[in-house]
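Peer 1: okay, here's the prediction I keep looking at, along with the sequence it came from:
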Amino acid sequence: MANARNAAAASPPSSSSSSYSSSASDGEILRSLHRLARDLAAAEAPAPFLETVFAAVSRRAKLLAAVFDDLLRCGRLPRSASLCLREVLLVLQRFKAVVADCSARSRMRLLLQADEVAARVRELQHDLATLLDLLPVPELGLADDVVDLLALASRQCRRSSPSADAAEHELKAGVLALIHEVEREIVPERERLEGILEEVGINDPACCSDEIETLEREIGDRVAERWTSAMIALVGLLRYAKCVLFTAATPRPMDSKVDVDDDDDDAEPPSPPPDFRCPISLDLMRDPVVSASGQTYDRESITRWFGSGKSTCPKTGQVLANLELVPNKALKNLISRWCRENGVAMESSEPSKPEPKPVVTANKAALEAARMTASFLVKKLSVSFSAAAANRVVHEIRQLARSGNDTRAFIGEAGAVPLLVPLLHSDESTTQLNAVTALLNLSILDANKKRIMHAEGAVEALCHVMGSGATWRAKENAAATVLSLASVHSYRRRLGRNPRVVERVVHLVRTGPSSTKKDALAALLCLSGERENVGKLVEAGAAEAALSAISEEETAVAVLASLAKRGGAEAIVNIDGAVVRLVAELRRGTEWSRECAAAALVLLCRRVGAAVVAQVMSVSGVEWAIWELMATGTERARRKAASLGRACRRWAAAAAAAAEQTAEYPATSDVTTTAITAS
């Protein structure tokens, strides 16, 4: 269905139809008329409630196709007939535009705007009838039966179909009444809900999912401001209907991650590139903005971070000079393009334009529908006895938890977390993946972080998945859940005190594929933000693991800088080649990794002393790298590069002075070591 809509939307009538009709020959016009009439005759109704309207259009088009077929055998057309038929061509093109527009819309929006569609069709039929009456039929030399067909087409175009309008109005009234009942917290009757969806043409889970996605895209594009509130309510109602009516169906895989060892091309769609995900929420960024630290976040997430009283960069930990946010328009365009290519709804909001009253949060019907859906799913999970049934329900919970914080709150309040935790030990790989991803989605909400941390066996279950998960995707999502939980200060300490958590995360950094390694490194970075965790991280080999990933992931350099800042400097220096690799990153890394490499080297020089500076200075071209970073790096990178340069100059001066002193007084060579260390 989605492909059909995309195809219809991709083939609107040419905007140059007017110029084409004035310059084309009579033969070309007749061929275009014949082709358009046949296309309209074959057009199918996009929804059952429009079958009467589309059938009428199809019948009229069939009559015209027969007329144009006969006209194609004629010679040159009289001028008056030629001009009239060119106008008919424009009307048929507008008819085709209406058909394409209806096919691209969601069924529910089409129902809400059925009056407008019917009015457009009636107007076009009237225009067509007028042109057919003006056509100089006697001059065309048509056969009598063809003339009769032309007259019949004109009469039918002037005829309306009130019975179809009445049926549409009744169905529309039923849908709106259902929304009002949900607003009053009345749970819809299953039979009634099923009947309405059948009349709309939604009768299987795939069709229901497509309808939800199309509605969400239309809401984001603000294509029908008048009906936005009802459309939002219908999204919630359709999610409820999908769970109540179609939960027994096999779920479609829609993971946010991709396994590197999965050879099944149909298993999962590609995950968003890591740089498209917000470091705070882990969701695809809808409105990326750049903070004063140079890091990019989703506007909603970073605004919430600042609103909680924090004035630091969540990713680097540095204190921000200001809280200004600059839109990252280049990244937003890239994300929009990726969403279009992969069929992902992109709800964009222009920060420069004042937003209307947020209908999503104010829409009581949508909230009540989400609450009903969450309650239904959690209750069903609690009584699911078969593994297959549990997997289907958990899949729906996982999908529902992606739709916003209100829904995440409803799922958590309904008691989903204690029911999901045991499923992390499931032998079924899909059940395990769905359960851990559901917890990841739920953990975005702070209240659910508390529920997860206090759920019996939750942390141990996450460790089990990170260590023995059936797929890399499950391990990756478990590490991302640890990262999400560790964003709370007190939970970061608790997780860091757990040796299994630290061990499993470090192991993923060492052995995981790129996407898994990235989430595990982000978790390490967060855990290393607590000083008391650093000792356990160092003992578990976090410094070695981060160093091994330094050329693959820029977060690895940030981990080393964080460890060096909080007591791990000596452990890093003791790793063979660590300083040399940091200097190499200073020269060839990304903007952020160069900044972090400079910060790490400054910390190592300060905490360990001259031995580190000597290693830095032994790398050829290091002075040039420092000067280049001072000229082109971020504000923080320039400061760190300047500090590193000063340390190197002091070391060089002390070394030169010590060399002179040694040459003059060989017996006092121990003074050299003292002078260098003092630098």
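Peer 2: Yep, that arrived.
Peer 1: show me what the longest helix seen in the chain is packed against.
Peer 2: With secondary structure taken from DSSP state H, the chain has its longest helix at helix 635-664. Using 3 or more Cβ pairs under 8 Å, 6 or more residues apart in numbering; DSSP states H and E, the elements in contact with helix 635-664 are helix 591-608, helix 610-617, helix 622-632, helix 670-678. Heads up, the C-betas are built off the backbone N, CA and C, glycines and all.
Peer 1: okay, now the residue lying closest to Q113 once chain neighbours are set aside: neighbour count?
Peer 2: For Q113, the nearest residue in space outside its immediate sequence neighbours is A224; the separation is 6.5 Å by Cβ to Cβ, 6 or more residues apart in numbering. By the other Cβ atoms under 10 Å criterion, the neighbourhood of A224 contains 17 residues.
Peer 1: what does G577 give?
Peer 2: Other residues near G577 come to 10 when the count uses other Cβ under 10 Å.
Peer 1: distance check, it against A610.
Peer 2: 19 Å (Cβ to Cβ, to the nearest Å).
Peer 1: center of this protein - which residue?
Peer 2: Within the chain, the residue whose C-alpha comes closest to the C-alpha centroid is L284; the distance, by Cα atoms, centre = their mean, is 3.9 Å.
Peer 1: what sits against T516?
Peer 2: Contacts of T516 were listed using Cβ atoms under 8 Å, 6 or more residues apart in numbering, and they are 472, 475-476, 479, 508.
Peer 1: can you name the two of those residues that sit furthest apart?
Peer 2: Of all pairs drawn from those, the greatest distance, 10.3 Å, lies between W472 and A479 (Cβ to Cβ).
Peer 1: if you count surrounding residues, which of those two has more?
Peer 2: Legend: neighbour count by other Cβ under 10 Å for W472 and A479, higher for A479 (31 against 20).
Peer 1: buried sites along the host helix or strand of L36?
Peer 2: With elements taken from DSSP states H and E, the one containing L36 is helix 26-42. Of all the residues in helix 26-42, those buried under the rule 16 or more other Cβ atoms under 10 Å are 26, 29-30, 32-34, 36-38, 40-41.
Peer 1: before we move on, the earlier item: tilt between the longest helix of the chain and helix 622-632?
Peer 2: Using axes from the mean of the first three to the mean of the last three Cα atoms, to 10 degrees, the interaxial angle of helix 635-664 with respect to helix 622-632 works out to 150 degrees.
Peer 1: tell me which residues in helix 635-664 are buried?
Peer 2: Counting neighbours by 16+ other Cβ under 10 Å, one finds that the buried residues in helix 635-664 are 636-645, 647-648, 650-651, 654-655, 658.
Peer 1: what average pLDDT does it get?
Peer 2: When the per-residue pLDDT values of helix 635-664 are averaged, the result is 83.
Peer 1: check stretch 297-316 too.
Peer 2: This predicted structure assigns stretch 297-316 an average pLDDT of 81.
Peer 1: so which residues of the stretch 101-250 of the chain form helices?
Peer 2: When assigned using DSSP state H, counting those that start in this stretch, the helices of the stretch 101-250 of the chain occupy the ranges 107-112, 114-134, 137-140, 144-157, 162-183, 190-200, 205-221, 228-246.
Peer 1: make JSON lines from those helices and add distance to G307 to it.
Peer 2: Listed next are those as JSON lines, based on distance: least, Cβ to Cβ, whole Å:
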{"stretch": "helix 107-112", "distance to G307": "34"}
{"stretch": "helix 114-134", "distance to G307": "41"}
{"stretch": "helix 137-140", "distance to G307": "73"}
{"stretch": "helix 144-157", "distance to G307": "60"}
{"stretch": "helix 162-183", "distance to G307": "29"}
{"stretch": "helix 190-200", "distance to G307": "39"}
{"stretch": "helix 205-221", "distance to G307": "24"}
{"stretch": "helix 228-246", "distance to G307": "24"}
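Peer 1: ok, which of these comes nearest S548?
Peer 2: With respect to S548, and counting by Cβ to Cβ, the nearest of the helices of the stretch 101-250 of the chain is helix 205-221 at 40.6 Å.
Peer 1: show me what the closest one is packed up against.
Peer 2: Here helix 205-221 touches helix 2-9, helix 107-112, helix 228-246, going by 3+ Cβ pairs under 8 Å, 6+ apart.
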